[in-house]
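A.B. asks: Task: produce atomic coordinates for the following.
(one chain, ligands or ions: 1)
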Amino acid sequence: MPRYEISSDPARLDVAAVHAFLSQSYWSAGIPLATVARAIEHSICVGAYAGKNQVGFARMVSDQATFAYLADVYVLEDHRGQGLARRMMDKLKALPELQGLRRLMLATRDAHGLYERFGFKPLAAPERFMELHRPDAYATAPRPGATLRLPKSTPPADVGKAPAVLIDARIHELGGWRGGVLARVRTVIRDADPGITEEWKWNVPVWVCKGIICTGEAYAKAVKLTFPKGTALADPLKLFNSSLTGNQRRAIDIAEGATIDEAALRDLVRAAVRLNNAGA
Ligand SMILES: CC(C)(COP(=O)(O)OP(=O)(O)OC[C@H]1O[C@@H](n2cnc3c(N)ncnc32)[C@H](O)[C@@H]1OP(=O)(O)O)[C@@H](O)C(=O)NCCC(=O)NCCS
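C.D. replies: Next up, the predicted model:
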């Protein structure tokens, strides 16, 4: 059984891993990476870790004086039933900035039993509460700056390492078909234009030429290339197959066994370079 650690250190959070879970969850399906990153940046978060891998997450939105809202609690399936959610809640409850609050709230579809253990109860006077709920919020425009104001989530051990080294390590660590796909698309992207450089941000590879061309994230079922200005790029061969409702972003999900149209990808990358060079 793995040894787990619970930590409130923001530098340990793996934003891409948190996004991978939340974007598939029943309560925040389709949430963009930048929105998750922004939410993390402005919340008090805890993570559960099995070695280097983040396997659980919870965050508290709070004024740190009177009120807090608990959100986005999850534990990856393989690690459930071992007390990790309880330990994350214990950690949050003990944090100095969350002491003495008058009210804590949360919403849950079916985990009432978990939260009851921490003193949460159904609303005593629901008629006093109101909500402004926008279930389609993630399909509409992000706030200005949301795409680029992301926290630095590079683990301390990786700070100072060259991006190319970190990307090599990610490819190696992923291995299998995902490592192969990431390595392949990396070559296509780098070869598309001599001005393209590699960066490492938000714990993922980023290809840049006068601005971001795309990021390369790895999920269980796909390697995802996200183009932040995808809507402005011609995509005659319809490579974009994901994030199709994003205001500006478009993404290419490459699943296991899928063929990569390298010529079309190269053209798309070159179009993104032209767009950045034009100062768009
Ligand atoms: C809910 C979830 C976070 C629980 O994680 P977990 O690590 O398996 O939970 P724990 O092992 O720490 O369980 C702590 C206690 O809560 C109970 N519990 C856990 N999930 C529960 C649930 N969905 N309903 C009722 N009780 C629950 C456990 O039985 C355990 O009780 P015990 O202390 O008496 O043994 C996890 O199942 C999950 O990620 N689910 C999918 C995402 C989700 O629904 N999140 C909640 C959104 S509000």
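A.B. asks: List the buried residues for stretch 179-194?
C.D. replies: The neighbour-count check on stretch 179-194 (16 or more other CB atoms under 10 Å) flags 179, 181-186, 188-189, 192-193 as buried. (Each C-beta comes from the backbone N, C-alpha and C, glycine too.)
A.B. asks: which residues sit against that stretch?
C.D. replies: Contacts with stretch 179-194, where a contact means CB atoms under 8 Å, 6 or more residues apart in numbering, come from 167, 170-174, 196, 198, 205, 207, 209, 213-214, 216, 218, 223, 225, 254, 260, 262, 265-266, 269-270, 273.
A.B. asks: And for stretch 96-103?
C.D. replies: Residues from elsewhere that reach stretch 96-103 (CB under 8 Å, 6+ apart): 44, 60, 62, 64-68, 92.
A.B. asks: what does stretch 18-32 give?
C.D. replies: Taking CB under 8 Å, 6+ apart as the rule, stretch 18-32 contacts 33, 36-37, 40, 47, 54, 57, 72, 74, 76, 107, 109, 138-139, 142, 217, 219-220, 243, 245-246, 249.
A.B. asks: rewinding a little: list buried members of the contacts of stretch 179-194 by neighbour count.
C.D. replies: 167, 170-171, 174, 196, 198, 205, 207, 209, 213-214, 216, 218, 223, 225, 254, 260, 265, 269-270, 273.
A.B. asks: Among those, name the ones in strands.
C.D. replies: 198, 205, 207, 213-214, 216, 218, 223, 225, 254 (DSSP state E).
A.B. asks: The ligand: which of those is nearest?
C.D. replies: Within the set of those, residue 218 lies nearest the ligand; the separation is 20.7 Å, counting by CB to the nearest ligand atom.
A.B. asks: Looks like residue 53 contacts residue 12 (just checking).
C.D. replies: No - counting by CB atoms under 8 Å, no contact exists between residue 53 and residue 12, whose distance comes to 10.9 Å.
A.B. asks: quick one: which of those two has more around it?
C.D. replies: Here residue 53 and residue 12 are compared on neighbour count by other CB atoms under 10 Å; more neighbours surround residue 12, at 17 against 13.
A.B. asks: From residue 113, how far off is the residue lying closest to the more buried one once chain neighbours are set aside?
C.D. replies: Nearest-residue entry for residue 12: residue 47, 5.9 Å, with adjacent residues in sequence omitted and distances by CB to CB, 6 or more residues apart in numbering. Going from residue 47 to residue 113 by CB to CB, to the nearest Å gives 23 Å.
A.B. asks: More neighbours: which of the two?
C.D. replies: Using other CB under 10 Å as the criterion, residue 47 and residue 113 rank with residue 47 on top: 24 against 8.
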